[in-house]
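Undergrad: this one's structure only:
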Ligand code: KG4
Ligand code: ZN
């Protein structure tokens, strides 16, 4: 069984061909640069750019490969116009080839990226999913069964990275730019708050951190505009505060009764090397096994969509689903089987 995966939920056009026996056969990714001049994603421009490039990327993936057995596409959540481009191309191809079109949930695709490296860790999983739009802990009893244990009450961590980077005048997307600036920084010079750190449970907050960052930046604008070391130290302080917030919650999650020992990190922010290292140390302290896909499969890509589509087909869980800008992960399957950990949290 070979599945073509198409991802167009935001500003990456991702296409991949996955073979159930041989693994990934081809993958293509185009990150839209057009949004840089606006400092954030402009939905209309994203849709137009997907239209312009998607067919070419599909052809490149299929070169010499023949017809796939199914076409998986991201049906939500995401930008409506951008999603519709991928969905329409996927459904058109599937109809032309007379193969199934499989609607995929974008967050399930991020989670199942952990299957792309060969044998996936055994379920149940404790998943930390951190992207530009989501920051959450999810208990995954088995493929398709999700229970949210805690999540951000306001901004996502990726959003905090992006908005703070924008204030500093760094290029979009801000996360990677801020992370590379932070490499030369010292974390102790500036201290930023970690909102909700002392609240029980696994919920998080990043908007207060973002506000504190902006206030600090503006109150020393002269310094932060001209002194490269001060900029690096500030970037480092933000990366440290976000990392501490996530790693601290992870340790708390691992202490809950019945918490899975298999931890999966996924979503674009997990491309951050400092965060990856902190999560690894946290898991080691608690005897848990951490799996994080390589950075290119943490940020949006077509391979994770092909993988999720393959698993939906394998488990006979394909559902006819409309394209939806908003779509809760927990709406995918009944979570009656979630274990005691959820009650304990
Ligand atoms: O999963 P993703 O590609 O798209 C969404 O589904 O949102 O995540 C994108 C987010 C952006 O906020 C981006 O700035 C952040 O991931 N990101 C990073 C890094 N690479 C991507 N944040 C911090 N450090 C990075 N190296
Ligand atoms: Zn994503």
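TA: In hand now; what should we look at? Because the structure is predicted, anything quoted here is derived from the model rather than measured. Residues are numbered from 1 along each chain as shown. Ligands and ions are numbered 1, 2, ... in the order given.
Undergrad: got the contact list for the one residue in the stretch 151-300 of the chain that gets nearest to ligand 2?
TA: Here the stretch 151-300 of the chain gets closest to ligand 2 at one residue, residue 300, 4.4 Å apart by C-beta to the ion. Quick note: C-beta positions are derived from backbone N, CA and C, even for glycine. Contacts for residue 300 (C-beta atoms under 8 Å, 6 or more residues apart in numbering) come out as 7, 9, 10, 12, 14, 106, 268.
Undergrad: Next, check those against the strands and list the overlap.
TA: Among the contacts of residue 300, DSSP state E puts 7, 12, 14 in strands.
Undergrad: In a markdown table, list those along with neighbour count, pLDDT and distance to ligand 1.
TA: Formatted as a markdown table, the ones in strands among the contacts of residue 300 follow (neighbours: other C-beta atoms under 10 Å; pLDDT from 0 to 100; distance: C-beta to the nearest ligand atom, whole Å):
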| residue | neighbour count | pLDDT | distance to ligand 1 |
| --- | --- | --- | --- |
| 7 | 29 | 99 | 9 |
| 12 | 20 | 98 | 6 |
| 14 | 29 | 99 | 10 |
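Undergrad: Export these to a markdown table and append columns for distance to residue 186.
TA: Below are those laid out as a markdown table (distance: C-beta to C-beta, whole Å):
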| residue | distance to residue 186 |
| --- | --- |
| 7 | 37 |
| 12 | 33 |
| 14 | 36 |
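Undergrad: Now residue 8: closest residue in space, sequence neighbours ignored.
TA: The spatial neighbour of residue 8 that comes closest, neighbours along the chain excluded (C-beta to C-beta, 6 or more residues apart in numbering), is residue 86 at 3.3 Å.
Undergrad: now swap in residue 296 and tell me
TA: Leaving aside its chain neighbours, residue 296 sits nearest to residue 29 (7.4 Å; criterion: C-beta to C-beta, 6+ apart).
Undergrad: Tell me the backbone dihedrals of the one you found, please.
TA: Residue 29 adopts backbone torsions of phi -140, psi 130, taken as degrees, to the nearest 10.
Undergrad: Just list whatever residues bridge to it.
TA: residue 14 (DSSP bridges).
Undergrad: So it is in contact with residue 302, correct?
TA: Yes: if you go by C-beta atoms under 8 Å, residue 29 and residue 302 touch, sitting 7.0 Å apart.
Undergrad: who's more crowded, the two?
TA: Comparing residue 29 with residue 302 by other C-beta atoms under 10 Å, the one with more neighbours is residue 302, at 32 against 17.
Undergrad: My guess is that one contacts residue 5. True?
TA: Yes: because the distance of 4.4 Å satisfies C-beta under 8 Å, residue 302 is recorded as touching residue 5.
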